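Asks: turn this into a structure:
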Amino acid sequence: MARGVRKTPTEKLNEELVKTKEEIQSHKNAIKTLEIRCKELEEKLKLHELNELSNVLEENNISISELKVLIANKGK
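Replies: Got it, this is the predicted structure:
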């Protein structure tokens, strides 16, 4: 049974090069996706922390203005 024509070293290297370039592109796409996800998570975390801060202020009847004054006086 004939197996077909053997590939030359040049053909093998070209195929490997193409596969490697495709793999690089795939990894770049994955990185872009992960960077977008990271930004989304950072935004969600920021919103969550702001909500927690808002709840603490509300529970203690502290306004934003009063908080600013407290923070400004802390350094003095």
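
Asks: can you mark which positions in stretch 23-34 are buried?
Replies: Buried residues in stretch 23-34, defined by neighbour count with 16 or more other CB atoms under 10 Å: none. C-betas here are computed from N, CA, C, even on glycine.

Asks: where do the helices sit along this protein?
Replies: Using DSSP state H, the helices of the chain run over residues 9-59, 64-74.

Asks: need those helices in CSV with distance to residue 3, can you?
Replies: Converted to CSV, those look like this (distance: least, CB to CB, whole Å):
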stretch, distance to residue 3
helix 9-59, 15
helix 64-74, 77
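
Asks: now the ones you listed in TSV, with mean pLDDT?
Replies: Below are the helices of the chain laid out as TSV (pLDDT from 0 to 100):
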stretch	mean pLDDT
helix 9-59	97
helix 64-74	92
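
Asks: burial count for residue 62?
Replies: Residue neighbour count, defined by other CB atoms under 10 Å, stands at 13 for residue 62.

Asks: same question, the one 5 residues further on
Replies: The local packing of residue 67 (other CB under 10 Å) involves 14 other residues.

Asks: so who does the spatially closest residue to it that is not a sequence neighbour touch?
Replies: In space, and not counting its chain neighbours, residue 67 is closest to residue 57: 6.3 Å by CB to CB, 6 or more residues apart in numbering. The contact partners of residue 57, by CB atoms under 8 Å, 6 or more residues apart in numbering, come to 63, 64, 67.

Asks: give me every residue that touches the second one.
Replies: Going back to what we said before, that points to residue 64. Contacts of residue 64 by CB under 8 Å, 6+ apart are residue 57.

Asks: return the residues in contact with the most centrally placed residue in the chain.
Replies: In the chain, the residue lying closest to the centroid (CA atoms, centre = their mean) is residue 38, at 2.3 Å. For residue 38, the contact set (CB under 8 Å, 6+ apart) is empty.

Asks: how near is it to residue 44?
Replies: 11 Å (CB to CB, to the nearest Å).

Asks: now residue 11
Replies: Counting by CB to CB, the gap from residue 11 to residue 44 is 50 Å.

Asks: ditto for residue 67
Replies: 23 Å.

Asks: coming back round to it: in a markdown table: the contacts of residue 57, plus distance to residue 32.
Replies: Shown next, in a markdown table, are the contacts of residue 57 (distance: CB to CB, whole Å):
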| residue | distance to residue 32 |
| --- | --- |
| 63 | 42 |
| 64 | 37 |
| 67 | 38 |
